[in-house]
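Enquirer: following is a predicted model, sequence given first.
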Amino acid sequence: MMMKMEKPDLNRMWETFIEIPNLVQMRETIERHPTEDNLAKMVIYLCNMIRFKVHPVISDLMKKKIISWYHFLIHNRNSGVPTTKEDNNLYFHIRFDLRKDINPDDFLPNYCVMTRKIRRESVRSIAGIDKSLLKNEEIEEAWRIIGEQSNWLMDMLNIHKEKIDIPLQHVGQFLHFYANMTQLRVE
């Protein structure tokens, strides 16, 4: 289990990317053949990538107190990945704040690519979040909560046995409980 998330220091935020091979093709297959079996294969694949590629990096950095906050999403070159126009791959886009003045290349595995420091002005706001509605009007608090969501997902995946593929229905049921609290359905 991960530790409680702290608010990130916007001046110390970095990002790195982990390529998700074959995800584009899996999504295209689902568009052409939207079967539960195809969806299940993609979700199992992503869950395993999170469990066995993303989680080891993040948990090690948190344990060593190198970072105190992180979050991850899936993006491509059109949504934040600093790659070439020819690169159609999807990536885990991981943001984190460094607690120490150290070079991330010294501790990130070689499958973390395009690592770079984030300019403060690019994280002063979050699309769709109006910080004036927050009690303290600090965007850092919204970033903390977004980090808690990533943390929750990794915790949920990591309570499962390592040698199994987590079934789509299992992941769906946990997400159902998460969404049920607000009765909001996100498409």
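Expert: Yep, that arrived.
Enquirer: who's in contact with the nearest residue to Ser79 once chain neighbours are set aside?
Expert: Beyond its immediate neighbours in the sequence, the residue positioned closest to Ser79 (CB to CB, 6 or more residues apart in numbering) is His93, lying 7.9 Å away. (C-beta placed from N, C-alpha, C; glycine too.) Contacts for His93 (CB atoms under 8 Å, 6 or more residues apart in numbering) come out as 15, 17, 72-75, 79-81.
Enquirer: can you give me the distance of Pro109 to Arg12?
Expert: 21 Å (CB to CB, to the nearest Å).
Enquirer: compute the distance between Arg51 and Met13, please.
Expert: Counting by CB to CB - Arg51 and Met13 are separated by 25 Å.
Enquirer: hey, what's the residue nearest the centre of the chain bridged with?
Expert: Taking CA atoms, centre = their mean as the criterion, Phe72 is the residue nearest the geometric centre of the chain, at 1.7 Å. Note on Phe72: beta-bridge partners Ile94, judged by DSSP bridges.
Enquirer: count the neighbours of the residue nearest to Ser68 when sequence neighbours are not counted for me.
Expert: Nearest non-adjacent residue to Ser68, counting by CB to CB, 6+ apart: Glu6, 4.2 Å away. For Glu6, the tally of surrounding residues (other CB atoms under 10 Å) stands at 14.
Enquirer: what residues sit buried inside the top helix by length along the chain?
Expert: Counting by DSSP state H, the longest helix found in the chain is helix 139-158. Across helix 139-158, burial judged by 16 or more other CB atoms under 10 Å covers 139-140, 142-144, 146-147, 150-151, 153-154, 156-157.
Enquirer: what do you get for stretch 47-54?
Expert: So stretch 47-54, judged by 16+ other CB under 10 Å, has buried residues 47, 49-51, 53-54.
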